[in-house]
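Trainee: Generate coordinates for the sequence data below:
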Amino acid sequence: MKKILGMSLLALTVMIGTNAVEAVDADGDARIDMVQPLSIAQTASVDFGTVAVDGAGSIAMTSDGVGTISCTGFTSASCPATGTDGLFTLTGKASTLVNISSTNGTLANADASTLTFVPAHATDVTFDASGDATIDVGGSIALLGTETSGEFNTTITGGSAYVVTAVYP
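Mentor: Numbers count the residues shown, from 1 in each chain. As a prediction, the model looks like this:
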């Protein structure tokens, strides 16, 4: 009887063992691509120069490093041929593309009147082999023709700078 009971327990143990849940495992891989942090600094400000406006229109500047200006909508002959386009220098991972975006800026006059500056620039740039790049910024300003004489600037109270943002895609 002891022998039968022992054999029964052994058989039961084997049966339970074969019905047990089976576990498996596998190795997993992980990866990270570290890039040099981006830095950006303005090295030249956008400057449209002096313009006399005798009606509504707009003034625009190219973002090609030349700063060619065009005026439309008003008849004043004082539209400057060129101005100074803005320039930003960037550093980042060599030979890598970054996306460029910007916000509008507000140019204010001492009398608290304002104009909106809409920047124009490339939408992406690739760093050279040293990790350096530049962005030229032009843009446009809509004019009513009734603006107060005097300087309009983002640094005058009531003005706000436009912001250029670079980001790895």
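Trainee: what's the average pLDDT for stretch 147-165?
Mentor: Across stretch 147-165, pLDDT averages out at 95.
Trainee: I would like the residues contacting stretch 28-37, please.
Mentor: Stretch 28-37 has contacts (Cβ atoms under 8 Å, 6 or more residues apart in numbering) with 91-93, 96, 131, 168. C-beta here means a position set from N, CA and C on the backbone, and glycine is covered the same way.
Trainee: ok, now with 7 Å
Mentor: With Cβ atoms under 7 Å, 6 or more residues apart in numbering as the test, stretch 28-37 has contacts from 92-93, 96, 131, 168.
Trainee: Closest one of those to A23?
Mentor: Taking Cβ to Cβ as the measure, A23 lies nearest Y168 of the contacts of stretch 28-37, at 40.8 Å.
Trainee: Assess the claim that the closest one and V98 are in contact.
Mentor: Yes - taking contacts as Cβ atoms under 7 Å, Y168 lies within contact range of V98: 5.7 Å.
Trainee: Comparing these two, which residue is more hemmed in?
Mentor: Applying other Cβ atoms under 10 Å to Y168 and V98 shows that V98 carries more neighbours, namely 21 against 14.
Trainee: related to what we said a few turns ago, can I get the contacts of stretch 28-37 in TSV with distance to V53?
Mentor: Converted to TSV, the contacts of stretch 28-37 look like this (distance: Cβ to Cβ, whole Å):
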residue	distance to V53
G92	40
K93	45
T96	43
G131	43
Y168	41
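Trainee: Pull stretch 124-144 out as CSV, backbone CA atoms only.
Mentor: As requested, the backbone C-alpha atoms of stretch 124-144 are provided in CSV (Å, rounded to 0.1, in the frame of the first residue of the first chain):
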residue,chain,number,x,y,z
ASP,A,124,15.5,74.6,-42.0
VAL,A,125,19.3,74.8,-42.0
THR,A,126,22.1,72.2,-41.9
PHE,A,127,25.1,72.6,-39.7
ASP,A,128,28.5,72.5,-41.4
ALA,A,129,31.2,69.9,-40.5
SER,A,130,32.2,72.1,-37.5
GLY,A,131,28.6,72.3,-36.2
ASP,A,132,28.1,76.0,-37.2
ALA,A,133,25.2,77.6,-39.2
THR,A,134,23.7,81.0,-39.8
ILE,A,135,20.1,82.2,-40.4
ASP,A,136,19.4,85.4,-42.3
VAL,A,137,16.1,87.1,-41.2
GLY,A,138,14.2,89.5,-43.3
GLY,A,139,10.5,90.2,-43.1
SER,A,140,7.7,92.6,-43.6
ILE,A,141,5.7,95.4,-41.9
ALA,A,142,2.2,96.5,-42.9
LEU,A,143,1.7,100.2,-42.8
LEU,A,144,-1.5,102.2,-42.5
